[in-house]
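Novice: return atomic coordinates for the entry below.
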Amino acid sequence: MKLNKKIMSKGILKDIMIVAIGVVVIWVGLQVAFGTQNPFYVVASGSMIPVLQVYDVLIVQGHEPFEDIKVGDIIVFNRPSGHDRVIVHRVAAIIDDEPKTIRTKGDANPASIPGTDYPITKEEYIGKVAYTIPQIGYVTQLLKPPMNYIIIVIVIGIMVVKQMSKKKNEKELSLNSLNQNDSQIESSVDIPELDKLEKDNVYSRHEESKLPEEESKDQK
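Specialist: Alright, predicted model coming up:
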């Protein structure tokens, strides 16, 4: 019983490690592919309505050089005043070339906001919005505590059930194999008895066929 528990624990740890390694590999691959530490951002305000809605997920291309950014592009950047927030707005104007400095504005906002929309330089720039996935950002709300812990428990529970089912199936296969072996042993024991019975029948028929000849000899 203890051995089974150890095997089950090893199986669960193996599954968790595979999932963790897979997540890390995928995440690193995405960072390399999109050229940014975080390729995904969720829209948190309505400043870009109707183009971008709250909870839309943005896929940001960091390989797009800041020097190539032009008026009309939607970009993601750190708020110039304090770098304490990530903003997604549309480029409204190029206000300087040396160094390149731009001003942005939210599509739903009446005007650009100082300290938020400008001055934006290469230092604040994160990347250009390449793709938008509508409303998938609702999932991020579900992953806040305590829902994220519930999901983790469910995942671990599935892994435990999977391991228990696997061990149960292996045990049933082992029992079936033993039963088959027992059946084969019983059959091998019965075969000699059947052979013996067949030989007895043959011998009896042979003796009966000899009786008429013996009787004819006695009469002579």
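Novice: quick one: Ala33 from Gly22, how far?
Specialist: Separation of Ala33 from Gly22 (CB to CB, to the nearest Å): 16 Å. All C-beta atoms are positioned from the backbone trio N, CA, C, and that covers glycine.
Novice: quick one, helices of this protein?
Specialist: Listed in chain order, the helices of the chain (DSSP state H) span 2-34, 138-142, 147-219.
Novice: which regions of the chain sit below the pLDDT cut-off?
Specialist: Counting by pLDDT under 70, the chain shows low-confidence ranges at 1-9, 144-153, 155-156, 159-160, 174-220.
Novice: tell me what Val129 is bridged to.
Specialist: Going by DSSP bridges, Val129 is paired in beta bridges with Val60.
Novice: wait, what's in contact with Gln37?
Specialist: Applying CB atoms under 8 Å, 6 or more residues apart in numbering to Gln37 gives the contacts Gln31.
Novice: for it, grab phi and psi.
Specialist: For Gln37, the backbone dihedrals are phi -60, psi -30 (criterion: degrees, to the nearest 10).
Novice: just list what the top strand by length along the chain packs against, helices and strands only.
Specialist: Counting residues, the longest strand found in the chain (DSSP state E) is strand 86-97. For strand 86-97, the packing partners by 3 or more CB pairs under 8 Å, 6 or more residues apart in numbering; DSSP states H and E come out as strand 74-78, strand 100-105.
Novice: out of those, nearest to Leu173?
Specialist: Nearest to Leu173 among the helices and strands packed on strand 86-97 is strand 74-78 (54.8 Å), distances taken as CB to CB.
Novice: residues in contact with that closest one?
Specialist: With CB under 8 Å, 6+ apart as the criterion, strand 74-78 contacts 41, 48, 51-52, 58, 60, 69, 85-91, 104, 120, 124-129.
Novice: for Gly115, give its distance to Val91.
Specialist: Gly115 is 17 Å from Val91, by CB to CB.
Novice: so those two - more neighbours on which side?
Specialist: Val91 (20 against 10; other CB atoms under 10 Å).
Novice: from Gly11, how far off is the more buried one?
Specialist: 53 Å.
Novice: thinking again about what came up before, so can I have TSV of the helices and strands packed on strand 86-97 showing distance to Ala111 and mean neighbour count?
Specialist: Output for those, formatted as TSV (distance: least, CB to CB, whole Å; neighbours: other CB atoms under 10 Å):
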stretch	distance to Ala111	mean neighbour count
strand 74-78	18	21
strand 100-105	7	20
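Novice: tabulate these (JSON lines), appending distance to Gly137.
Specialist: Listed next are the helices and strands packed on strand 86-97 as JSON lines, based on distance: least, CB to CB, whole Å:
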{"stretch": "strand 74-78", "distance to Gly137": "14"}
{"stretch": "strand 100-105", "distance to Gly137": "21"}
